[in-house]
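Colleague: predicted coordinates and the sequence they were generated for:
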Amino acid sequence: MPRTAKSNPSSSTPNRSALKPWQKIAINVFIVFHIFAITAWAIPFRSQFANDCRELVRPYLLWSGLFQAWDMFSPMPKATNTYLQAVIIYKDGSTQMWDFPRMELLTLTQKYSKERYRKFVEILLDQRNAALRPDVARYVARLPGIREKNPQQVWLMVKWSNILPNGDGTFARTPLDQDVFFRYDVQPEDLR
Amino acid sequence: MSPGLTLATPFTSFRAAWNRFFFEPQSPLNIAVFRIIYGLLVLATALLLRGDWLAWYGPHSWISAATMYVVEPGTRLNLFSIIPQTDFAINALFVVFILAAACLTVGFCTRASSIVVYLCLTSIDQRNLFILHGGDTFLRVSGFFLIFAPAGAALSVDRWLRIRRGQETAELRPRLPWAQRMIQLELAFLYLVSFWWKMKGGAWTEGSALYFIFHLDEFQRFPIPQFLLRPAILRIGSWAALALEFLLGTGIWIKKFRYPLLVAGVLFHLSLEYAINVPLFQWDVLSAYVLFIDPADLARFLDRFVHRNVNAPTAVRS
């Protein structure tokens, strides 16, 4: 329990709720600007005007970290189960498969701490993020247990199964398909 | 009535409503409780990442800093771009982050802590943008506005120290709520924009969206009873999610709908927490619900648990 105040501070301290006119103007400008900037950035409305507004606020939102997107599971949720694997080919000709953490195979506590890998795999499979793949291949090549065995190539391979709606309102899964979508030649400096 | 008066009246009433909403002093209890929950969630976020600090952010991480700057260019608030790229420095940044989050939670050096937490949080997000979920975004944006809020004005070590020094009485004084309102607006905006995005895709309007989501292996957490996976039930669920997101974005501002909507929102997020594997997202969003509770109700609720430490607010408006 806090000690009782020695005097009556409420009578001597200034009212913290009172604002000077310039302060109120500044706060209003701050509020209006941020409402405008966040709205312009995040609403899914496509037009020249909306794009111009987005470009206007882009530098500030990217700098400040106030950028945002609220499009989870939308406009269409994913209809494919995908799994990412790395295939490591060693200099002696042997190969090894390395699985990215698969959420459905993890324990509950692991799901909480490793969920970032789910998002990361989703990003990696998107062709627009192809520039990330060399880094990922290099990371796999450097993993303990792989680096020591002189990896020569790292392939990234996706396996997928589509979720298809049946005519009666139920759904079915297609058999697993697979594709090697990225190949990387490991350089000596990658392993340092 | 003169034309000037008819034009001026709507503007005057809008200005009055604006001033009431953003500037009419309110009990700081809500923002203080939010600060505590927020701090705990930030701590949880950092600790859940603990095993992968270096894997995601280290000098030899999955995505190098150099690649990140190429793929996501632009000047950004990012401490990783100024600290040495060594394991020690990266770990040290996380330790500072955790200490600041702990200080924010207990309300010690609250303003400074909130600034450090925001700087670290936004840096961590900026350093690797490819592993973020909506909860991270909400923590980051609400953390920014929390900096400007009187978050240490109640339930804090700062306040306890001020009372000990005789700088403040035990009675809570109302404070300007404008920063709290920005966090509330952000929450409502989140729901409204989510609704808008979903309306752009056929799966949500025709009602098949939840079927796909519940059959994605990566999202499954606990088993869902089979009868809930029937197409008719999932169709109703998809539409209910749409309706609820719209209402939480709009109706939450209407006082008589607020509590029923908050209860519905809590049940909605708890059911998602059970069924879908997106760690902390539901809790991150739910944390801001406390800002919509009437301060008097919140004070009564807290009084049952922390007698005498929480005083009835002198001004109540939500």
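Modeller: The structure has been received and is ready for your questions. Numbers count the residues shown, from 1 in each chain, chains lettered A, B, ... in the order given.
Colleague: contacts and neighbour counts: CA atoms only from here.
Modeller: Fine.
Colleague: residue of the stretch 201-318 of chain B with the smallest distance to chain A?
Modeller: Chain A sits closest to residue B:201 of the stretch 201-318 of chain B, with a gap of 4.1 Å, by Cα to the nearest Cα.
Colleague: how far away is that residue from residue A:73?
Modeller: The spacing between residue B:201 and residue A:73, counted by Cα to Cα, to the nearest Å, is 10 Å.
Colleague: do stretch A:155-162 and chain B come into contact?
Modeller: No: using Cα under 8 Å from any Cα of the partner chain, we find that stretch A:155-162 stays clear of chain B, coming within 9.7 Å at best.
Colleague: pLDDT below threshold where in the chain?
Modeller: Picking chain A for this. In the predicted model, chain A carries pLDDT under 70 at residues A:1-17, A:167, A:169.
Colleague: you answered for a different chain; I wanted chain B.
Modeller: Residue ranges of chain B with pLDDT under 70: B:1-8, B:306-318.
Colleague: need the contact list for the nearest residue to residue A:185 once chain neighbours are set aside.
Modeller: Closest residue in space to residue A:185, ignoring its immediate chain neighbours: residue A:153 at 4.6 Å, by Cα to Cα, 6 or more residues apart in numbering or on different chains. When contacts are counted by Cα atoms under 8 Å, 6 or more residues apart in numbering or on different chains, residue A:153 touches A:88, A:89, A:90, A:183, A:184, A:185, A:186.
Colleague: if we use 7 Å, what do you get?
Modeller: Neighbour list for residue A:153: A:88, A:89, A:90, A:184, A:185, A:186 [criterion: Cα atoms under 7 Å, 6 or more residues apart in numbering or on different chains].
Colleague: repeat for residue A:96
Modeller: Contact analysis of residue A:96 by Cα under 7 Å, 6+ apart lists A:87, A:88, A:89.
Colleague: any idea how far the last one is from chain B?
Modeller: By that I understand residue A:89. From residue A:89 over to chain B the distance is 19 Å, taken as Cα to the nearest Cα, to the nearest Å.
Colleague: list the beta-bridge partners for that residue.
Modeller: Legend: beta-bridge partners of residue A:89 under DSSP bridges are residue A:95, residue A:153.
Colleague: I'd say it and residue A:97 touch.
Modeller: No: shown here, residue A:89 and residue A:97 do not form a contact pair, counting by Cα atoms under 7 Å, at 9.0 Å.
Colleague: looking at the two, which is more packed in?
Modeller: It is residue A:89, of residue A:89 and residue A:97, that has more neighbours when counted by other Cα atoms under 10 Å in any protein chain shown, with 22 against 14.
Colleague: so who does the more buried one touch?
Modeller: Contact partners of residue A:89, counting by Cα under 7 Å, 6+ apart, are A:95, A:96, A:151, A:152, A:153, A:154.
Colleague: could you do residue B:188 as well?
Modeller: With contact set as Cα under 7 Å, 6+ apart, residue B:188 has these partners: B:248, B:249, B:250.
Colleague: which of these tops the neighbour count?
Modeller: Neighbour counts for the contacts of residue B:188, by other Cα under 10 Å, peak at residue B:248, which reaches 23 neighbours.
Colleague: ok, the residue of the stretch 201-318 of chain B closest to chain A to residue A:74 distance?
Modeller: Counting by Cα to Cα - residue B:201 and residue A:74 are separated by 7 Å.
Colleague: looking at these two, which has the bigger crowd around it?
Modeller: Per other Cα under 10 Å, whichever of residue B:201 and residue A:74 has more neighbours is residue A:74, with 20 against 16.
Colleague: okay, and the nearest residue to the more buried one once chain neighbours are set aside sits in which element?
Modeller: Nearest in space to residue A:74, with sequence neighbours left out and distances taken as Cα to Cα, 6+ apart, is residue B:198 at 5.0 Å. Assigned by DSSP states H and E, residue B:198 belongs to helix B:178-199.
Colleague: quick one: buried residues of that helix?
Modeller: By neighbour count on 16 or more other Cα atoms under 10 Å in any protein chain shown, the buried set for helix B:178-199 is B:178-184, B:186-199.
Colleague: which elements pack onto the helix or strand where residue B:266 lies?
Modeller: Following DSSP H and E, one finds residue B:266 within helix B:255-275. Counting contacts by 3 or more Cα pairs under 7 Å, 6 or more residues apart in numbering or on different chains; DSSP states H and E, helix B:255-275 is packed against helix B:281-286.
Colleague: what lies in contact with the helix it packs on?
Modeller: With Cα under 7 Å, 6+ apart as the contact definition, helix B:281-286 has outside contacts at B:41, B:134, B:135, B:138, B:139, B:266, B:269, B:273.
Colleague: and the next helix or strand after that helix, how far from the chain's centre?
Modeller: Next in sequence after helix B:281-286, counting helices and strands by DSSP H and E, comes helix B:295-305. Put simply, helix B:295-305 sits 21 Å off its chain's centre (Cα atoms, centre = their mean, to the nearest Å).
Colleague: and for stretch B:91-107?
Modeller: 18 Å.
Colleague: same check, this time on stretch B:299-306
Modeller: 23 Å.
Colleague: mind putting the contacts of residue B:188 in CSV, distance to chain A included?
Modeller: Formatted as CSV, these follow (distance: Cα to the nearest Cα, whole Å):
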residue, distance to chain A
B:248, 14
B:249, 13
B:250, 15
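Colleague: nearest to residue A:126, of those residues?
Modeller: residue B:249 (30.7 Å; Cα to Cα).
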